[in-house]
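> no sequence on this one, just coordinates:
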C-alpha cells in the first residue's frame with residue numbers, strides 16, 4: 001500500500017472524572033467539527049478511551065478541543081500515535 005493511503009491514528013486514554021459527566025457526548029459533538037473518524041468509550045477502570053484517525057493537524061485539534069471543553073474533569077491524557085491504513089468511517093460512541 002502506498003504511504004499516501006496511510007492516516008494519522010491515535011489511541012488516547014483520559015483519566016480523572018471522565019465518566020458520568022457527558023464526556024463521550026462532548027467527544028461526539030467535537031468530532032463533528034473536525035475531519036476525524038473513530039470512537040469514544042468508557043473503560044471499566046474509570047478512564048475513557050478514544051481511538052481517532054485523520055490528518056495529524058485534525059487529530060491534534062480534536063484532542064485539544066476535548067481537553068479544553070472538559071477542562072476540570074480530565075487530569076491526565078495519555079496519547080500513542082502511529083500511521084496506518086484508514087479503518088474508521090464516522091465517529092461514534094461505543
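Sure thing, it's come through. Just so it is clear, the structure is predicted and the values come from calculations on it, not from any experiment.
> all contacts plus neighbour counts: C-alpha atoms, from now on.
Will do.
> how about the nearest residue to the most centrally placed residue in the chain, chain neighbours excluded?
In the chain, the C-alpha nearest the mean C-alpha coordinate belongs to residue 50, at 3.9 Å (CA atoms, centre = their mean). Counting by CA to CA, 6 or more residues apart in numbering, residue 50 lies nearest to residue 40, which is 4.4 Å off, once chain neighbours are set aside.
> what about the one you found, is that helix, strand or coil?
Secondary structure state of residue 40, per DSSP: H, G, I helix; E, B strand; the rest coil, is strand.
> does it really touch residue 93, like I thought?
Yes: counting by CA atoms under 8 Å, residue 40 does reach residue 93; the two are 5.1 Å apart.
> who touches both of the two?
24, 28 (CA atoms under 8 Å, 6 or more residues apart in numbering).
> who has more neighbours, the two?
residue 40 (23 against 13; other CA atoms under 10 Å).
> counting neighbours, what do you get for residue 87?
Neighbourhood size, residue 87 [other CA under 10 Å]: 12.
> in this structure, what spans have low per-residue confidence?
1-4 (pLDDT under 70).
> all the helices of it, in order from the start?
Applying DSSP state H to the chain gives helices spanning 23-31, 56-69.
> include mean neighbour count when you put those helices into a markdown table, please.
Below are the helices of the chain laid out as a markdown table (neighbours: other CA atoms under 10 Å):
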| stretch | mean neighbour count |
| --- | --- |
| helix 23-31 | 19 |
| helix 56-69 | 17 |
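> for residue 9, find the nearest of those helices.
Of all the helices of the chain, it is helix 56-69 that lies closest to residue 9, at 8.0 Å by CA to CA.
> now the angle between helix 23-31 and that closest one, please.
Put simply, helix 56-69 runs at 140 degrees to helix 23-31, going by axes from the mean of the first three to the mean of the last three CA atoms, to 10 degrees.
> other SSEs contacting helix 56-69?
Applying 3 or more CA pairs under 8 Å, 6 or more residues apart in numbering; DSSP states H and E, we find helix 56-69 packed against strand 6-16, helix 23-31, strand 36-42.
> enumerate every residue touching the residue nearest to residue 27 when sequence neighbours are not counted.
Take residue 27 and drop its neighbours on the chain: the residue closest to it by CA to CA, 6+ apart is residue 66, 6.2 Å away. By CA under 8 Å, 6+ apart, residue 66 lies in contact with 26-27, 30.
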